[in-house]
Structures are given as C-alpha cells and as structure tokens.
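Visitor: Any chance you can model this:
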Amino acid sequence: MALFARRDRKAAPGADEALGLFLFDAVNDALAAERALKAAGYEVSLVAPPPHLRAGCDLSIALPRVEQVGAEREIVGAGVHIRDWVADVEGTAEVCDLVTTVDFGQWLMVRAGNMKIVVEKATGVIVNTSGGGCPDIPYLNLELVGKRLHEVPRPKDLGYTLCGLMLDRAYVEVRSQLETAAQGGDA
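Guide: Numbering: from 1, shown residues only. From the prediction side, this is the model:
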C-alpha cells in the first residue's frame, strides 16, 4: 500500500504491500523510532500491536516488509531499542484518531482518546489539559497550561507515553480548528 512506502519510491497505484511490525518495550521507543524513520523519508503508521504481542501500554510501527532491513538500520542508528519484528499485522489497530470537539463559546475543548485540551478561542491560551494516568501528564500540563497554543512545542515532542501522544492528537486538532476559524471558517 503506497501510504507506507518510502517517499522516494514509486509504487504502482493500488499496489498492496505485505506489512510487518516493529515492536518496542516502551512507548517512548516507538515514538523515537517513528521520528527517526520519518526523518529518513519513510512513511510509517503507529499502530497498537495485536493483543498477543502487547507488552503493556505500547505502540508498534507498521511498514512494508520489504522496508524492514533499511528501517531497522535507521532505528538502531538512532539509538532506539527494538524488541522484535513480526511479519504479520493481523490484529493490529490504528491509534485512535477519533477526536471530539465541544465548543463552550469562549473556549474550545478537543478530546482524543482519554486526553483533553481546552483553549480560550480569543487568545489561543491553553486553559486546561486533562485525562490519562501516564507519568508524563503532570509535566505536560505544567509545560502547556497558561501558554499560547502557537508558542508551545507539540505534546509528542515533550512527552513519552501513549497519553502524551493522544494529547498531541488533540493539540493538532485544536490548532487546526482555530486556524480554520481565523481564516473565516467555522470552529
């Protein structure tokens, strides 16, 4: 499937590629591997591994099997530990992209998974983050709340857990909605 091909490769339209998974012991390893692979030109997808391969609160990276050797070289070169490679993606699930938005008039709240971010629409100031039980959430809250949305780093660049990743999904969505509203669209 072309979605997962390296950017410099040309895949035949509609060509299906067999996918495999890199498995990691920790969410921060999966996120670091994703950054390394994207910087190297790979298009990858973060997915939840099948239940029988899970080792806790973890993510895996799906990509075409033919990309495994080169991708593994990039990940190891970035100093990221890989737990395993499996050549079968059956039973994987996309990381939750479902987001919900609630407009409170003065504030806009976006929820992704169990994480929420609330922004004052007029100023772009983050007034609250909530949800999750991961250890980086208090730190993310301290780094984000009270600051303007466009002046803070993305949560996935500050955090290292699945909760941080879901807060990042909410952050991206709230930025998008505020930018659309600023351009004359609906928020």
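Visitor: and residue 76, what helix or strand is that in?
Guide: If you go by DSSP states H and E, residue 76 is part of helix 68-77.
Visitor: likewise residue 29?
Guide: Counting by DSSP H and E, residue 29 is part of helix 27-39.
Visitor: Surely residue 75 touches residue 82?
Guide: Yes. Using C-beta atoms under 8 Å, residue 75 is in contact with residue 82, at 5.8 Å. Quick note: C-beta positions are derived from backbone N, CA and C, even for glycine.
Visitor: Could you tell me how many residues sit around residue 127?
Guide: Neighbourhood size, residue 127 [other C-beta atoms under 10 Å]: 16.
Visitor: Quick check: next helix or strand after the worst-scoring helix or strand of the chain on mean pLDDT?
Guide: Every helix and strand of the chain was ranked by mean pLDDT, DSSP states H and E. The lowest is strand 93-94, at a mean of 66. Next helix or strand after strand 93-94 toward the C-terminus (DSSP H and E): strand 99-103.
Visitor: Beyond that following strand, next helix or strand please.
Guide: strand 107-112.
Visitor: contacts for that following strand?
Guide: 96-103, 116-121, 127, 131, 166-167, 169-171, 173-174, 177-178, 187 (C-beta atoms under 8 Å, 6 or more residues apart in numbering).
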